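Participant: I need the structure of the sequence given here:
(chains A, B, C and D)
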There are 2 protein chains.
Amino acid sequence: MAVIKNSRSTQAKQSVLALIEGANVALSHADIEEALNGKCNRVTIYRVLDRLLEDDKIHKLVDMDGVNKYMACVACNDDHLHHHLHFSCEQCEQVSCLHHVIPSFQLPEGYSMHELNFTVRGICADCAVTSL
Amino acid sequence: MAVIKNSRSTQAKQSVLALIEGANVALSHADIEEALNGKCNRVTIYRVLDRLLEDDKIHKLVDMDGVNKYMACVACNDDHLHHHLHFSCEQCEQVSCLHHVIPSFQLPEGYSMHELNFTVRGICADCAVTSL
DNA sequence: GGATATTTGCAACTCAATTGCAATAAGCAT
DNA sequence: ATGCTTATTGCAATTGAGTTGCAAATATCC
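Facilitator: Predicted coordinates:
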């Protein structure tokens, strides 16, 4: 229906997207800024993230401590819902997507869902092993 | 085991708790400050909320836009987990607890859970009816 | 009631995020 | 390729949520 034109492909956008796609954990704005190490401006990173979100290239999640983190979209269904679980580890402080863990639940009559945030905080498998 | 002594019962604490217990939706710090209308200081509200959390009188949730909201604890189990669903309505902008909606899911081998944040954004039953 | 430790209010501060604006660069047509 | 138009960038300044230190006030315990 609506023809969507992606935003321009700039240096900043490519760098940020490459970073997020290369990471297997969710990155915060601060993580990205540090990794880019002055290659582009703080404000630009915010704006690039907004555009990547609009382009459906990445998705945003709010960690349990209120920090915004960004993940590449993998295996997103057409309506771009992100039903899977996000795991936030107390030990390594990393947030990762557990793509295959989909919660099942029943919304009461009359409610409709557009977006979902499902985050579990605890100890991830890696940290559980290391602390043995 | 550990004998826990609750914090002092002050005017500020009583007012804030009464407000939260009287509301059927989650309140933000800003909501509380506005409702109290200068009766106590901004900073005091933050500190009172922290104490109420420690006393297990209320629980905190991070809304999908990153805003902290506070709800009275009703029917909390002993380990004070808040497994139920939080619904964030796009229309009335209110967050409410759906206490009876508990998601079921299976954490992969090796992961352990301490806390859960499960928020759905959409249109609540009330708003769905009004917009008919 | 009086001593003591907690709580409050104030001012100052930190940190994430946003805005306005001028300079720059991507994309399109020629 | 060249230039034109519009989106994007960088900078400086600003907003807003939340925190901290400290002196004054006030719950709680005796």
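
Participant: Which positions in chain A make contact with DNA strand D?
Facilitator: Taking C-beta under 7 Å from any atom of the strand as the contact definition, chain A meets DNA strand D at A:7-8, A:10-13, A:40-41, A:43-44, A:47-48, A:51, A:66. All C-beta spots, glycine's among them, are computed from the backbone N, C-alpha and C.

Participant: what's the neighbour count on the nearest residue to A:C89 once chain neighbours are set aside?
Facilitator: With sequence-adjacent residues excluded and distances taken as C-beta to C-beta, 6 or more residues apart in numbering or on different chains, A:C89 is closest to A:C124, at 4.0 Å. A:C124 is flanked by 25 other residues according to other C-beta atoms under 10 Å in any protein chain shown.

Participant: So which of the residues of chain A next to DNA strand D belong to strands?
Facilitator: Using DSSP state E to define strands, no part of the residues of chain A next to DNA strand D is located there.

Participant: Put the buried members of these into a PyMOL selection.
Facilitator: In PyMOL, a selection of the buried entries from the residues of chain A next to DNA strand D looks like this (16 or more other C-beta atoms under 10 Å in any protein chain shown):
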select buried, chain A and resi 12+13+40+44+48+51
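
Participant: Give the residue spans of chain A that score low on pLDDT.
Facilitator: Low-confidence segments of chain A (pLDDT under 70): A:1-5, A:75, A:77-80.

Participant: In it, which strand is the longest?
Facilitator: strand A:112-123.

Participant: That one versus strand B:112-123: what angle between them?
Facilitator: Relative orientation of strand A:112-123 versus strand B:112-123 (axes from the mean of the first three to the mean of the last three C-alpha atoms, to 10 degrees): 160 degrees.

Participant: ok, strand A:112-123: who's next to it in the sheet?
Facilitator: strand A:85-89 (parallel), strand B:112-123 (antiparallel) (DSSP bridges).

Participant: residues contacting A:V48?
Facilitator: A:V48 makes contact with A:T10, A:A12, A:K13, A:V16, A:C40 under the criterion C-beta atoms under 8 Å, 6 or more residues apart in numbering or on different chains.

Participant: related to what we said a few turns ago, right, so the strands paired with strand A:112-123: which one is the most enclosed?
Facilitator: strand A:85-89 (a mean of 24; mean count of other C-beta atoms under 10 Å in any protein chain shown).

Participant: Tell me which residues are up against that strand.
Facilitator: Outside of strand A:85-89, the residues within contact range by C-beta under 8 Å, 6+ apart are A:26, A:61, A:63-64, A:94-98, A:101-103, A:117-124, A:126-127, B:105, B:107, B:111.

Participant: try it again with 6 Å
Facilitator: A:61, A:63-64, A:95-98, A:101, A:118-121, A:124, A:127 (C-beta atoms under 6 Å, 6 or more residues apart in numbering or on different chains).

Participant: Contacts only, for A:S131.
Facilitator: Here A:S131 is in contact with no residue (C-beta under 6 Å, 6+ apart).
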